[in-house]
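[1] the sequence and its predicted three-dimensional model are supplied below.
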Amino acid sequence: MILIGALVLVLLALLGAPLFAVLLGAAALGFYALGSPLAVLHIDIYQLADSVVLMALPLFTFAGFLLSESRTADRLMRLSQAAFGWMPGGMAFVALVACAFFTALTGGSGVTIVALGALLLPALVKAGYPQRFSLGLVTSSGSLGLLLVPSVPLLIYGIIAQQLSQQLAMPPVEIVDLYLAGVGPALLMVVLLYLYCLWATRAGDANTATAVPRQPFSGAELRAALWDARWELPLPLVVLGGVFSGFLVVSEAAAVTALYVLIVEVWLYREIPLRRLPGITREAMVMVGGILLILAVAQAFADYLVYAEVPERLFQFIQTHVHSKIAFLILLNILLLVLGALLDIFAALVIMVPLILPVALRYGIDPVHLGIIFVANMQIGYITPPVGMNLFIASYRFRKSITELFAATIPFMLVLIVALLAITYIPALSLWLVR
C-alpha cells in the first residue's frame, strides 16, 4: 500500500502536479507509514498562522508589485547613471547597482530584467560595451538583490528555520539577523563583478579596441535625477532604518513600506490609477497565496522528517563519509548549485532547508550563515541551465537563444562562484554585522 502510494506520488510529480500537492501527499504517506493519525497534518499546517513575521510576506510583495508597475525603474536608472556614470566602467557599475536595488525593492529577479533590461542593454551598447558582454551583465545582474532587505527568499528561509527551531531545540533565527548578514555578501558580489567588468573592458582587450569611454559628470543632471526620485529615495531608509534600529519589527516595517509605496505611486507620482489597484493587488496576492500554501505543507513535511528521524540518519550517513566541516561545505555548495539549476528558489527552500539545517547544525554551521549560503547558491541558479529563470526571461526579452545567453553569462557566473566560495568559507563576511 505504502509502496503504491509512493509510486503514485512520483508519477504525479513527473506529470507536473503542483509542488504543494506532492509535498502534502508525501507527508501524509509518511505519517501513515509511522502509524500517526493524519489529523496531525491539519495541526502542522495551522501552525504557520502563529508566525508573527508571516505578515511581512504579502505586504512586501504588494509593495514590490506597485514599484514594478510604476516608472521606478526609469528613475532608478537615471539616478544611478548620473551618480556613477563618470567612474571607470561606470555604465557597468550603474547596471550592477540599479539591478541590485531594484531586485531588492521589488523582490523579483525576473521583474528586474523585464523592467530594466530595455533601458540597460541599449545604454551599455551605446556606451561602447560589446553586445555579448552587455547581455551577460544584464542577465547575471538580475538576481543580485536577493541578499538585500527586504529579500523574500531570506524571509521565507527565516520562517522555515523558525518553524524548525522548536523541534531542533535551537534559538530562533531572527529575520533582522538574516537581512544584516546579507549586506556584506551582496556588496562582495557587486564589487567582484565590477572589478571583472573593468578587466574585461580594459584597453587592448580582444573584445574592445579601446577602453570604454567615461561619461562626464554633470551636477545639474544629478540634482535633476535626485529630484525626480525624491519620493522613492527615502524608501530604503524607511525599511533599513526601521528594521535595523529596532524601532520596527519586520512585519511593521513591511506595513509602513506598503503604505508608503501606495501613497507615493498612486497619489504623489500618480503613475498607477486607482482603477488598476484591484488588479495589481489580485496578482500580488495570487503569488503570495501560492507561496503560503507551499510553506504550510512544507511545515507538515518538515515535521514528518523530524518524527521519522530522517535528518538524524542523514547526518549519520554523511558523518561516516565526510569528516570535516570544510568537506561538508564543499558538498553542500555542489548540491545547492545543482538544485538551483533544477528547482525554483522557493521549491528548493521548502524542500531542502528542513533536511539541510539539522545536519549543518551538527557541523557547527551558524543557521544565519547557512541561510546566506543557501540564497547565494540559488542566486547563481537563476543563470544556470536547464531551469535558470533569468535565462528564459532574458531570452524572451532580448530575443536571443538560451545557449547564446548562457555563453554570455559564463564569465559572470564564474565570478559569482568565487564570491560564493568566499561567503562560504569566511563566515565573518556574513556575521560581522550580526555578531
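    Sure, I can see it.
[2] longest helix of this protein?
    Criterion DSSP state H: the longest helix present in the chain is helix 277-307.
[3] what's the following helix or strand after that helix?
    helix 310-321 (DSSP states H and E).
[4] against which helices or strands is the helix or strand following that following helix packed?
    Next along the chain after helix 310-321, taking DSSP H and E as the criterion, comes helix 325-342. Applying 3 or more C-beta pairs under 8 Å, 6 or more residues apart in numbering; DSSP states H and E, one finds that helix 325-342 contacts helix 345-362, helix 367-381, helix 402-425. For glycine as for every other residue, the C-beta is placed from the backbone atoms N, C-alpha and C.
[5] and those helices, which one's lowest on average pLDDT?
    Per-stretch mean pLDDT for those is lowest at helix 345-362 (a mean of 84).
[6] mind giving me the packing neighbours of it?
    helix 19-34, helix 152-168, helix 277-307, helix 310-321, helix 325-342, helix 367-381.
[7] so what's the residue count around residue 411?
    Residue 411: 19 surrounding residues under other C-beta atoms under 10 Å.
[8] any idea which of the helices and strands packed on helix 345-362 scores lowest on pLDDT?
    helix 310-321 (a mean of 76).
[9] list the residues that contact the residue most central in space within the chain.
    Centroid-nearest residue in the chain, with C-alpha atoms, centre = their mean: residue 146, separated by 3.2 Å. The contact partners of residue 146, by C-beta atoms under 8 Å, 6 or more residues apart in numbering, come to 103-104, 109, 153-154, 345, 375, 378-379.
[10] repeat that with 7 Å
    Residue 146 sits next to 103, 109, 153, 375, 379 when contact means C-beta atoms under 7 Å, 6 or more residues apart in numbering.
[11] how close does the nearest residue to residue 418 once chain neighbours are set aside get to residue 7?
    In space, and not counting its chain neighbours, residue 418 is closest to residue 192: 6.4 Å by C-beta to C-beta, 6 or more residues apart in numbering. Separation of residue 192 from residue 7 (C-beta to C-beta, to the nearest Å): 46 Å.
[12] more neighbours: which of those two?
    For residue 192 versus residue 7, neighbours defined as other C-beta under 10 Å are more numerous around residue 192 (16 against 10).
[13] using CSV, list the CA coordinates for stretch 231-240.
    Taking Å, rounded to 0.1, in the frame of the first residue of the first chain, the C-alpha atoms of stretch 231-240 are listed here in CSV:
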residue,chain,number,x,y,z
TRP,A,231,9.8,60.3,-3.1
GLU,A,232,11.4,56.9,-3.6
LEU,A,233,14.8,57.7,-2.2
PRO,A,234,13.6,57.6,1.4
LEU,A,235,12.2,54.1,0.9
PRO,A,236,15.4,52.2,1.7
LEU,A,237,15.9,54.4,4.8
VAL,A,238,12.4,53.6,6.0
VAL,A,239,13.0,49.8,5.7
LEU,A,240,16.6,49.7,6.7
